[in-house]
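Chemist: Build the 3D model from these lines:
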Amino acid sequence: MIPLSMATTRWCLLGLMLSPTAGCGDPRGFEYKTSRPNESEVIGRYVLIEWQSIIPQSTRATKDPSTDYSLVLNEDGSFLATNVPGFELPSRGRDSRPRLASASGHWKLAVVAGLNDDQRIWGVEFTSDPRILSACLMMRHRLVFVLGDPDSGEGLTFQRK
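Modeler: Numbers count the residues shown, from 1 in each chain. Modelled structure (predicted):
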C-alpha cells in the first residue's frame with residue numbers, strides 16, 4: 001500500500017463526495033429512478049414523509065422544523081424549498097451535522113448519482129443561494145436528499161402531494 005499524505009487523502013475524499021457517482025448509494029438503491037423521467041412526473045409540491053437521520057432533533061433549521069419541510073418544483077423550472085439539506089463542504093473543526101436551508105432558484109433533471117452496477121440515478125439539481133443538495137428521484141413520486149455517507153441510508157424523503 002502506498003502511504004498518502006493527509007492533504008492527498010482529504011482531496012481524494014472530497015473528489016469522491018462531489019463526484020456524480022457518490023450521491024444515492026444507500027441500501028434502497030432498487031427504488032431509484034434509473035431512466036430519465038418526464039418533467040411532468042416531478043413537477044409539484046413535496047412534503048417530508050420520512051427521515052433516517054439526526055433530523056429534526058439536532059439540526060438547526062431556518063424555520064421551526066416541526067411545522068414546515070417542503071419543496072415546490074414549478075413547471076417554469078423555478079423552485080421554493082423550506083428546510084431541506086444545505087450543501088456545505090466539510091471543514092476541519094466544524095460541526096458535521098447536516099444543516100437545513102430555505103432557498104429559491106431553478107431546478108433541472110440530471111444524473112445525480114450511480115449505483116454499484118453502473119446504473120445512473122436521475123434526480124433534481126438545484127441552482128440557488130444558499131446552495132442545497134441535489135435530490136435523488138425515487139419510485140412513487142418521491143425525492144430523497146441523502147445525508148452524509150450514501151451507504152448509511154440516512155436522508156430526508158419527500159412525497160409529492
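
Chemist: Describe which strands the helix or strand hosting residue 124 pairs with in its sheet and in which direction.
Modeler: Remark: residue 124 resides in strand 120-128, with elements defined by DSSP states H and E. Sheet neighbours of strand 120-128, with direction, are listed as strand 100-114 (antiparallel), strand 135-138 (antiparallel) (DSSP bridges).

Chemist: Output the last one in CSV with nothing but the alpha carbons.
Modeler: As requested, the backbone C-alpha atoms of strand 135-138 are provided in CSV (Å, rounded to 0.1, in the frame of the first residue of the first chain):
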residue,chain,number,x,y,z
ALA,A,135,-32.1,15.1,-4.6
CYS,A,136,-32.5,11.6,-6.0
LEU,A,137,-35.7,10.6,-7.6
MET,A,138,-37.4,7.5,-6.3
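
Chemist: list the buried ones in the strand or helix carrying residue 81?
Modeler: Following DSSP H and E, the helix or strand that holds residue 81 is strand 78-85. Going by neighbour count (16 or more other C-beta atoms under 10 Å), the buried part of strand 78-85 is 79, 81, 82, 83, 84, 85. Every residue, glycine included, has its C-beta placed from N, CA and C.

Chemist: Throw those into JSON lines and include pLDDT and distance to residue 73, thanks.
Modeler: As requested, the buried residues of strand 78-85 are arranged in JSON lines below (pLDDT from 0 to 100; distance: C-beta to C-beta, whole Å):
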{"residue": "79", "pLDDT": "96", "distance to residue 73": "5"}
{"residue": "81", "pLDDT": "93", "distance to residue 73": "9"}
{"residue": "82", "pLDDT": "89", "distance to residue 73": "13"}
{"residue": "83", "pLDDT": "85", "distance to residue 73": "16"}
{"residue": "84", "pLDDT": "87", "distance to residue 73": "12"}
{"residue": "85", "pLDDT": "84", "distance to residue 73": "16"}
